[in-house]
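Trainee: The following block contains a protein sequence and its predicted model.
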Amino acid sequence: MGQHIYSPFFSPFYNLNEITDSGEALKRRNNDLCPAGGGGGGTLRRGAARSSPCNVDDLIHLAGPLTEDAVLKTLQARFYADEFFTNIGPILLAFNPYNEVGNALTLSSTRNIVQKPQLVRVVQEAVRQQSETGYPQAIILSGCSGSGKTYASMLLLRQLFDVAGGGPETDAFKHLAAAFTVLRSLGSAKTQANSESSRIGHFIEVQVTDGALYRTKIHCYFLDQTRVVRQLAHEKNYHIFYQMLAGLTVEERARLSLEGYSVDNLRYLNRGDTRCNQAEDARRFANWKACLGVLGIPFLDVVRVLAAVLLLGNLQFHETNGGGGQCETHEAELKAVAGLLGVTPASLLRGLTMRTHNVRGQLVKSICDANMSGGARDALAKALYCRTVATIVRRANSLKRLCMSGTLSSDSNDSVHNQAEVASQHASTVGTAGSKSSRSMAVLNTAVRHATDGFIGILDMFGSRIVSDSGNVLLLRPSRTVNYIRDQVDHKLFYFSMQHFFNTHIFKSSIESCREEGIQCELEPDYVDNVPCIDLISSLRTGLLSMLDVECSARGTPESYVQKVRLQHKHNSRLFESKSVASDLRVFGIQHFAGRVVYDASDCLETNRDVLPDDLVSVFYKQSCQFGFATHLFGSELKVLFAQETAPRGIRFRISPTSHTDLLNGDDPVSTLTQDFHTRLDNLLRTLVHAKPHFIRCVRANNTETTGHFDRSVVSRQVRALQVLETVNLMAGGYPHRMRFKAFNARYKMLAPFKRLKRVDDKALDDCSLILQSFQANTTLQLPKDSNVSTSWSLGKRHIFLSEGARQQLEALRAETRHNAAVSIQSTWRGWHFRRRWPTVKRQLELRMGRNANNSSMSQQSQQSQQLSAVGQNVGSSQQQSYGRPRPQPIACTPPPEALAGLHQEKCDAKTIQHTCSLFGLDLERPPPLPPSRSYTVAGNSKLGYPQTRIMKSTFPEDANGDVVLRGGEAVMVMGASHRRGHLLVEHKNHHFHVPYQFLELKPNSQQPGVDI
């Protein structure tokens, strides 16, 4: 039938399995561990002496030896039990099961997804620490491409608004949701590894003041500019281009000169994957268009630029006899692009094919060849796209200016890679009459900035690609024209930097702190330090990126660059050469921790220069350009260029937007793209260093985006790359946590007898010892005998060092102590409060009992009178007395009704009434009718008609007396407005009630029909 093999998925008590050709035995054993339906409630059918791996929610509590096989077995069992989040102490391991394939991964598209308890705990812990300490918090998501980082970041941001921001119904949330919908289409694309890959990094800064959300700000990093003009064979351009082609109406296509164009005949799109889902793209484009309106951004301005980018790719150049560049196709494309950008075709062609050079103070004009003209065309396309994204990001962060104006502001030269407070600096000087006002605004801006230093950040950056299944070499160069050396090395550098940040914070700091304070730890964490790879890439003089900058300044070639790299690092074990690599003069290979990667240096020098000539920028000067948005995109460059009379004059600008201050430093671009990457990365790391990090390690389940499929080989490579096993060993047996004595006492002093605590700084160490003694005596958490978790601690010179097991026990005992204290306080107060109210309650009960007795006697009398009298009036009066409240007796010295009537008539005689009516235009014969009650209610921007379902906020009647009581939380049916003022007519269990509207609220997430207003 089959052969006997050992299956590493099953626990040791399964031993050997007989696997048939059909795999039924394996399927049967798998069902023994977890049900086939994926639920987590299954039990072991055999060998139930050991608990199921599905129930291990923290990997440090694994039984038996901590091996990679044990970790993978547990993760796989939890995956098939629909448990996609697993803790490693305070670190969260999150799986992407691809249950949301096709989701746009925005705040709006993830709104109906149920919140995950593990992510909720991460947010609550970050908010708690920020509110208690005032220290910035950073939630860092890391993992390979397609591991679900963006999905998790959206859920985290939603939960953060629920905790500190007022929920999803606030204007701030709706504004942020619109911003992410717009940026998601502009910054994501299909790659070989991920169909919804983020090609731009986000750091979402949520500023919190006094535990409440103050404002949010989106920082965007490292937009992939090359993708705009060039993609791989199986990849796509940015999603917005495909969505725009699918969602534009016929009239809009005609207005944008896109009639007759599709993905197949647009050069910037047809060189990659051309398969599209027209219906889905059209739906997303409609949402994108609506969200632009929410942000106050003119839709037509943005799509004009995007259409111009697409049509620029169809401009082809060929050599003429004079050596110049000229459009190969008809002039239709040139006229269409020029019309969209608001310039003349002649000026646009001149900017693409002419260059101005400053030779010893003399300006010389030259004609570009076809390659140079094509490079200028691509540079213009990339500049238009990335500057548009930068402007949208800045508008999304500008809440105040959104309310003031419906057009885009003019201070829009902040880089998409670094929103460096240029807008705030500009706002501090605009509209001021003198230096005194400017100084006061600067002081105010500084005060606001320091007042909002406490923030909670969510870092969602692009992921690195993992090594392919076919072997240990990943060749990233399907074609010679694709630039990979700069983009991929930059991505690898960022990935290594984030891994180094994790290693430093988790491993290295633990080891060094123990050594400094003389702590002997039985476990020495064994981890892979990636500093050699980081030095190879980013070393100051001999690093790959530094050598690339030198080669750019020397006007070198890709062949000379690769030759110098091989010569400089010939003794470096990280740089490898194989037959396929050594034979190609433009490629080299690097041995990374996760495997070998081959890089192609073709076109890397030109891309790294990131140059846009001033001949092309000057085309968009306001006097010659009729499209204000295009002029706005190059505002800072045009201001510097036309500060002098001569323009153009041979200045080179950056493709990516640059602030006006940086442009004033010199005529040439401030830095190359690589140098700019280093600056942005250093700024980001500096921000993270000053924040308390919370790590979420994301893992993709398979490479094919298949729902519910766990590929063990793919997961194992990521587990090694993320050093999950090393982290588990440290958390289980080392000292990963350290706290100052004062901080430890402040958090856990409730565990010790209050009278024995010294509560002075000089005796902080004694208080720590007392707390630990009380903790050891009172702890009730018993660990399994075969558990690897250490519950030890050690007192150092300035810190107390805790194992993860000890920290968890301390937190559990602290939570139990606080809970018991809260119960004691509540029970004491409730008893005192009830005893205080008892005389009043007793008196009300006695009155109620007496009232019931009177009602019963009056009811008997009314029945007798009904039998003796046949007059309907007497019957009606007896029923009224029977069911109505007893009429109170008149107070002594009260005048009779006749006297009151006489007084009333004297004060309000007919003449006075007539005079009053004439003054106000009233008719005594026909009084004005009462206004009818509304047949609807207004919720948000919709009219909801009756009947409608509502939820009782609290019990009605308040005393909870009667045959039918409306309990708090019950769903009731509102039939309409009551004749009583401020009441609604409610039907419940065939009874009608007149309930004040304060007792009712609309059913959340109700799908009741409504009409938009």
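Mentor: Received it, and whenever you're ready, just let me know what you need. Numbering: from 1, shown residues only.
Trainee: Could you report the distance from the nearest residue to residue 983 once chain neighbours are set aside to residue 947?
Mentor: Once flanking residues are discounted, residue 983 sits nearest to residue 994: 4.5 Å by CB to CB, 6 or more residues apart in numbering. Every residue, glycine included, has its C-beta placed from N, CA and C. In this structure, residue 994 and residue 947 are 15 Å apart, going by CB to CB, to the nearest Å.
Trainee: what does residue 140 give?
Mentor: Taking CB to CB, one finds residue 140 at 50 Å from residue 947.
Trainee: Give me the more crowded residue out of those two.
Mentor: residue 140 (22 against 13; other CB atoms under 10 Å).
Trainee: Now do the same contact list for the more buried one.
Mentor: 459, 498, 501-502, 688, 693-696 (CB atoms under 8 Å, 6 or more residues apart in numbering).
Trainee: Which positions within the particular helix or strand that has it in it qualify as buried?
Mentor: Assigned by DSSP states H and E, residue 140 belongs to strand 137-142. Residues of strand 137-142 classed as buried by neighbour count (16 or more other CB atoms under 10 Å): 137-142.
Trainee: Quickly run through the sheet partners of that strand, with directions.
Mentor: strand 455-460 (parallel), strand 692-700 (parallel) (DSSP bridges).
Trainee: list the helices and strands whichever helix or strand comes after the longest one packs on?
Mentor: Following the chain from strand 692-700 toward its C-terminal end, the next helix or strand by DSSP H and E is helix 712-721. Using 3 or more CB pairs under 8 Å, 6 or more residues apart in numbering; DSSP states H and E as the contact criterion, the secondary-structure elements in contact with helix 712-721 are helix 68-80, strand 692-700.
Trainee: Give me the angle between the longest one and helix 712-721.
Mentor: Meaning helix 68-80. For helix 68-80 against helix 712-721, the angle by axes from the mean of the first three to the mean of the last three CA atoms, to 10 degrees is 120 degrees.
Trainee: Report the distance from helix 68-80 to the chain centre.
Mentor: Remark: helix 68-80 is offset 28 Å from the chain centroid, using CA atoms, centre = their mean, to the nearest Å.
Trainee: buried set for that helix?
Mentor: 70-80.
Trainee: what does stretch 763-780 give?
Mentor: Buried, per 16+ other CB under 10 Å, within stretch 763-780: 764-765, 767-768, 770-772, 774-775.
Trainee: distance between that stretch and the chain's centre?
Mentor: With CA atoms, centre = their mean, you get 40 Å for stretch 763-780.
Trainee: same thing with stretch 612-628?
Mentor: The answer for stretch 612-628 is 37 Å, by CA atoms, centre = their mean.
Trainee: So what would you say the end-to-end distance of it is?
Mentor: 20 Å (CA to CA, to the nearest Å).
Trainee: Average pLDDT for it, rounded please.
Mentor: Average pLDDT, stretch 612-628: 91.
Trainee: circling back to that earlier point, can I get the buried residues of stretch 763-780 in CSV with secondary structure, pLDDT and distance to residue 577?
Mentor: Shown next, in CSV, are the buried residues of stretch 763-780 (DSSP: H, G, I helix; E, B strand; the rest coil; pLDDT from 0 to 100; distance: CB to CB, whole Å):
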residue, secondary structure, pLDDT, distance to residue 577
764, helix, 89, 59
765, helix, 90, 58
767, helix, 91, 62
768, helix, 92, 57
770, helix, 92, 64
771, helix, 92, 60
772, helix, 91, 57
774, helix, 89, 63
775, helix, 88, 58
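Trainee: Can I get these in JSON lines including distance to residue 727?
Mentor: Below are these laid out as JSON lines (distance: CB to CB, whole Å):
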{"residue": "764", "distance to residue 727": "31"}
{"residue": "765", "distance to residue 727": "30"}
{"residue": "767", "distance to residue 727": "32"}
{"residue": "768", "distance to residue 727": "27"}
{"residue": "770", "distance to residue 727": "32"}
{"residue": "771", "distance to residue 727": "28"}
{"residue": "772", "distance to residue 727": "26"}
{"residue": "774", "distance to residue 727": "31"}
{"residue": "775", "distance to residue 727": "25"}
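Trainee: For the chain, which helix extends over the most residues?
Mentor: helix 804-868 (DSSP state H).
Trainee: Who are the packing partners of that one?
Mentor: helix 724-733, helix 741-748, helix 764-778, helix 872-883.
Trainee: who wins for proximity to residue 128 among those?
Mentor: Ranking those by proximity to residue 128 (CB to CB) places helix 741-748 first, at 11.0 Å.
Trainee: Quick check: chain neighbours aside, which residue is closest to residue 802?
Mentor: residue 737 (4.3 Å).
Trainee: next one: residue 817
Mentor: Per CB to CB, 6+ apart, closest to residue 817 is residue 750, 5.3 Å.
Trainee: Confirm that neighbour sits in a helix?
Mentor: Yes - Residue 750 forms part of a helix when assessed by DSSP: H, G, I helix; E, B strand; the rest coil.
Trainee: Show me the shaky parts of the stretch 201-350 of the chain.
Mentor: For the stretch 201-350 of the chain, the stretches with pLDDT under 70 are 211, 320-330.
Trainee: 90 - rerun?
Mentor: Residue ranges of the stretch 201-350 of the chain with pLDDT under 90: 201, 206-216, 221-226, 230-234, 271-274, 316-333.
Trainee: Just the strands from it, written as ranges.
Mentor: Secondary structure of the stretch 201-350 of the chain by DSSP state E, counting those that start in this stretch: the strands cover 201-209, 212-221, 317-319, 325-327.
Trainee: a markdown table for those, including distance to residue 245 and mean neighbour count?
Mentor: Listed next are those as a markdown table, based on distance: least, CB to CB, whole Å; neighbours: other CB atoms under 10 Å:
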| stretch | distance to residue 245 | mean neighbour count |
| --- | --- | --- |
| strand 201-209 | 26 | 21 |
| strand 212-221 | 25 | 20 |
| strand 317-319 | 25 | 16 |
| strand 325-327 | 23 | 20 |
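Trainee: Looking at those strands, spot the one closest to residue 64.
Mentor: strand 201-209 (39.8 Å).
Trainee: who's in contact with the closest one?
Mentor: By CB under 8 Å, 6+ apart, strand 201-209 touches 127, 130-131, 153, 157, 160, 164-165, 183, 213-222, 451-452, 454-462, 494, 684, 687.
Trainee: And the pLDDT at the residue nearest to residue 817?
Mentor: So residue 750 comes in at 91 (pLDDT).
Trainee: And the one 4 residues further on, by the same measure?
Mentor: Among the per-residue scores, residue 754 holds a pLDDT of 87.
Trainee: now swap in residue 708 and tell me
Mentor: 90.
Trainee: Look at residue 959 and say how many residues are nearby.
Mentor: For residue 959, using other CB under 10 Å, the count is 10.
Trainee: And it, how close does it get to residue 252?
Mentor: Distance from residue 959 to residue 252, by CB to CB: 64 Å.
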